[in-house]
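Student: no sequence for this one, just the structure:
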């Protein structure tokens, strides 16, 4: 058994080869993997039976057990996801700029894979397949650590993906599996081999990873999303939008936690909104002004405004104008996804240009913040960081770029000493 | 006097306003700043006289004193730099993708400023003007900490830039100056207000900053650049290219430190290269094979291959083939800038796609790695990180993006429950 450091170093060596691998081999590997998973589904389901039986014996919670189960439907979904990825255009080698600096001296900025990505994910075995396929398509080596409850299923999936990939031409070691929790802390120290860590899981877990590694971490620890209802909002749109944003999946990071209401819209909006939310089983916490308009409102404090409920609870506050709403969101929000409901184009523009979030929405549910719904094919996660990738992260977020400069013997002294000069001509 | 934390928080508030400021105001501010610096040059030069006199009294080293001096020529250079920036296209609001998800539901990915940038720079006062203008053009708030030797000059430049900017319509506090070294450690703790730190200075200093902040740091601590001379290299190009890469400015991060030579090229290349380098005053450290072909070669060890000499020293090693050269560079290099000299297009492609560096060059000097020479107008620094910006960082590297989603009341439940479906139509 190799140590995590050795596995990571091997992945690093492999990553240079993988970065140069042509698209047809990466797509052929994805295709072979889809076929192999289907052909060996009995082996996967049998492994999953062991995990589920052990989880039941251990008295694991019902929602975790549900995520852990990997049957016909989930297999069909991941296979369909792989086929979708094959059809997406190659993210590698995309020219971002091309400039002639001088005669026979051309600078090209092209996308290339990041290198080695360490992904730590939760109990869902389908996550392993999704992450592995995104890494293959984007030319990155994947170092995977899945939930221990899914150990047998993950091992079966990993072995099949690894063998199928190599048989289709992927370099040996293009993917590696880390199996023990203790190895995570080893992984966090491998900054010379791992280029990026993507942790998925609870907020506390993600924050722990961010605090314990020198390796760049992509992810989000909080999802405190807002909807601001402007004075000019269409109330008939606002009520179903807010309800959808809260109850369509309350435990998601893109569910709304705080609704800000322009004072002029409060009298019209709050009574129907209050009824609709309560009918859906949502508890309302509101400021005094809100409690004056609708009944059964628990008092909301500043602590409410910094809390991701992940539950059927919403806080509501009135604001004097759009700027108070923007200031509240920039101060209390987590820069994830925030929406304005308005029929006023100038207000929408003011909100969308001044709210500093990965997603700024107008008249639609915050629940749209998702790689599949954005048309990215799939996502490795959602980033609330501002550098590199922001929001749902798909293939493009797994690319960096390099500058390629091709000359015919040019030296800098000629330019520094005035014998030659640059002419900078954009070629793209 | 406000604390650094207060200054950073004020900059954060200001950054939301600045992000929405139209291009004409940002350009008008740059124009007013250029005029103001010229109109008040006596005040700047007088302040600089004080700094230089104090530096001389303190017995400061001659090269530092040279960088500290700010006279007519340097003023003309920074003013010309500002005018160049005005003419560059606006980096803000550039659409990166636009996709119709469904009828009346359009997703747009657009560039926007990062927010608050903390820049810690060396003794050159011209750096203050360059960084401030890049931040203005790119819509970012700048928190500046310059070298203490330049305190008077920096204060004069800062006051003029700040007043001229505000009078042209920039929000109060768009730029702030931090004056004491003790404040740097305060600055490194302001992760809730500062989005990015860019340290410029010695390798040790940059590494110190990287190790002591939770804020993302953009920069490079090492510049170990390579030139690989392929079997098919044109020796008449190779010799001047290698000399330029070493001696045109030996203390620069983009100077070459190690030359790798294909065994088949060694006999032809090394004698003329050795003579040319020695004539330029360069000490050669070589492997045994190199020492067999040319005289006066000090032995090179693995330590040489991980050392940034920043001096008139170069290490030379022969390699059996291109893959040994690529493996050496990926292992010992700093992923900054590496060049192949070859007349073989397939070898060039193999090198450029497999070497994992911000700049991969063919047949030109490594000294071209520079924001001005790349046509970026100017640079805030050079990044060897792989996430976000890589290589010389200009206006585009000071942008992030946000997703803007505009709808007409769409809710996710309709899509999740099959009543509607996405059609993903690319609009860009």
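Tutor: Nice, I can see it. Model, not experiment: these values are computed from the prediction. Numbering: from 1, shown residues only, chains lettered A, B, ... in the order given.

Student: now look at stretch A:362-381 and say if it contacts chain B.
Tutor: Yes. Contact between stretch A:362-381 and chain B, assessed by C-beta under 8 Å from any C-beta of the partner chain, occurs at A:362, A:363, A:364, A:365, A:367, A:368, A:369, A:373, A:374, A:375. The way it works is simple: take the backbone N, C-alpha and C, and place the C-beta from them, glycine included.

Student: and the residue nearest to the last one when sequence neighbours are not counted, backbone torsions?
Tutor: Of all residues not flanking residue A:375 in the chain, residue B:424 sits nearest, at 4.1 Å (C-beta to C-beta, 6 or more residues apart in numbering or on different chains). The phi/psi pair for residue B:424 (degrees, to the nearest 10) reads phi 40, psi 80.

Student: show the pLDDT at residue B:424.
Tutor: We have a pLDDT of 88 for residue B:424.

Student: quick check: it touching residue B:97?
Tutor: No. Using C-beta atoms under 8 Å, residue B:424 is not in contact with residue B:97, being 11.3 Å away.

Student: in three-state terms, label the closest residue to residue A:405 other than its chain neighbours for me.
Tutor: Leaving out its chain neighbours, the residue that sits closest to residue A:405 by C-beta to C-beta, 6+ apart is residue B:361, at 4.6 Å. Residue B:361 carries the three-state label strand when classified by DSSP: H, G, I helix; E, B strand; the rest coil.

Student: burial of residue B:361, as a residue count?
Tutor: Using other C-beta atoms under 10 Å in any protein chain shown, the number of residues around residue B:361 comes to 30.

Student: just the pLDDT for it.
Tutor: Reported pLDDT for residue B:361: 96.

Student: contact partners for it?
Tutor: Contact analysis of residue B:361 by C-beta atoms under 8 Å, 6 or more residues apart in numbering or on different chains lists A:404, A:405, A:406, A:407, B:337, B:338, B:339, B:340, B:368.

Student: switch to 7 Å and redo it
Tutor: Residue B:361 makes contact with A:405, B:337, B:338, B:339, according to C-beta atoms under 7 Å, 6 or more residues apart in numbering or on different chains.

Student: which SSE is immediately downstream of the helix or strand containing residue A:118?
Tutor: Taking DSSP states H and E as the criterion, residue A:118 maps to strand A:116-120. Remark: after strand A:116-120, the chain's next helix or strand is helix A:125-137, criterion DSSP H and E.

Student: in terms of secondary structure, what does that next one contact?
Tutor: helix A:23-39, helix A:72-87, strand A:141-145, helix A:151-167 (3 or more C-beta pairs under 7 Å, 6 or more residues apart in numbering or on different chains; DSSP states H and E).

Student: and the closest residue in space to residue A:425 that isn't next to it in sequence, helix, strand or coil?
Tutor: Of all residues not flanking residue A:425 in the chain, residue A:100 sits nearest, at 4.3 Å (C-beta to C-beta, 6+ apart). The three-state label for residue A:100, taken from three-state DSSP, comes out as strand.

Student: got a pLDDT number for residue A:100?
Tutor: 95.

Student: tell me the domain ranges of chain A?
Tutor: A:4-90+A:110-201+A:395-400, A:225-368 (automatic domain parsing).

Student: mind putting the ones you listed into a markdown table with distance to residue B:137?
Tutor: A markdown table is the format used below for those (distance: least, C-beta to C-beta, whole Å):
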| stretch | distance to residue B:137 |
| --- | --- |
| domain A:4-90+A:110-201+A:395-400 | 24 |
| domain A:225-368 | 17 |
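
Student: quick one: closest of these to residue B:24.
Tutor: domain A:225-368 (15.4 Å; C-beta to C-beta).

Student: now do the closest one: distance to the chain's middle.
Tutor: 23 Å (C-alpha atoms, centre = their mean, to the nearest Å).

Student: show the end-to-end separation of stretch A:137-153, please.
Tutor: The straight-line separation of the ends of stretch A:137-153 (C-alpha to C-alpha, to the nearest Å) is 23 Å.

Student: quick revisit: so in terms of bridging, what pairs with the residue nearest to residue A:405?
Tutor: Applying DSSP bridges to residue B:361 gives these bridge partners: residue A:405, residue B:339.

Student: for residue B:237, see how far away it is.
Tutor: 12 Å (C-beta to C-beta, to the nearest Å).

Student: and what of residue A:99?
Tutor: Counting by C-beta to C-beta, the gap from residue A:99 to residue B:237 is 22 Å.

Student: same check, this time on residue A:135
Tutor: From residue A:135 to residue B:237 the distance is 39 Å (C-beta to C-beta).

Student: do residue A:240 as well
Tutor: In terms of C-beta to C-beta, residue A:240 sits 69 Å off from residue B:237.

Student: which one of the domains of chain A lies closest to residue B:21?
Tutor: domain A:225-368 (9.5 Å).

Student: which non-adjacent residue is nearest residue A:82?
Tutor: With sequence-adjacent residues excluded and distances taken as C-beta to C-beta, 6+ apart, residue A:82 is closest to residue A:34, at 4.4 Å.

Student: give me the neighbour count for that neighbour.
Tutor: Residue A:34 has 21 nearby residues by other C-beta under 10 Å.

Student: quick check, it in contact with residue A:83.
Tutor: Yes. If you go by C-beta atoms under 7 Å, residue A:34 and residue A:83 touch, sitting 6.1 Å apart.

Student: hmm, residue A:27 is touching residue A:87, no?
Tutor: No. Counting by C-beta under 7 Å, residue A:27 does not reach residue A:87; the two are 9.0 Å apart.

Student: neighbour-wise, which of those two wins?
Tutor: Neighbours of residue A:27 and residue A:87, each counted by other C-beta under 10 Å, are more numerous for residue A:27; the result is 18 against 8.

Student: need the pLDDT of the closest residue in space to the more buried one that isn't next to it in sequence.
Tutor: Among residues not flanking residue A:27 along the chain, residue A:86 sits closest, at 5.0 Å (C-beta to C-beta, 6+ apart). Model confidence at residue A:86, given as pLDDT, is 95.

Student: go on, the one 10 residues further on?
Tutor: According to the prediction, residue A:96 has pLDDT 92.

Student: follow-up on the earlier one: of the helices and strands packed on helix A:125-137, which stretch is the most buried?
Tutor: strand A:141-145 (a mean of 26; mean count of other C-beta atoms under 10 Å in any protein chain shown).

Student: residue A:273 and residue A:235: what is the separation?
Tutor: 8 Å.

Student: for the residue of the stretch 1-150 of chain A found nearest chain B, what are its contacts?
Tutor: Taking C-beta to the nearest C-beta, chain B has its nearest neighbour within the stretch 1-150 of chain A at residue A:20, 4.2 Å off. Neighbouring residues of residue A:20 by C-beta under 7 Å, 6+ apart: B:353, B:354.

Student: let's see that with 10 Å instead.
Tutor: For residue A:20, the contact set (C-beta atoms under 10 Å, 6 or more residues apart in numbering or on different chains) comprises A:92-93, A:112-113, A:139, A:171, B:326, B:349-350, B:352-355.
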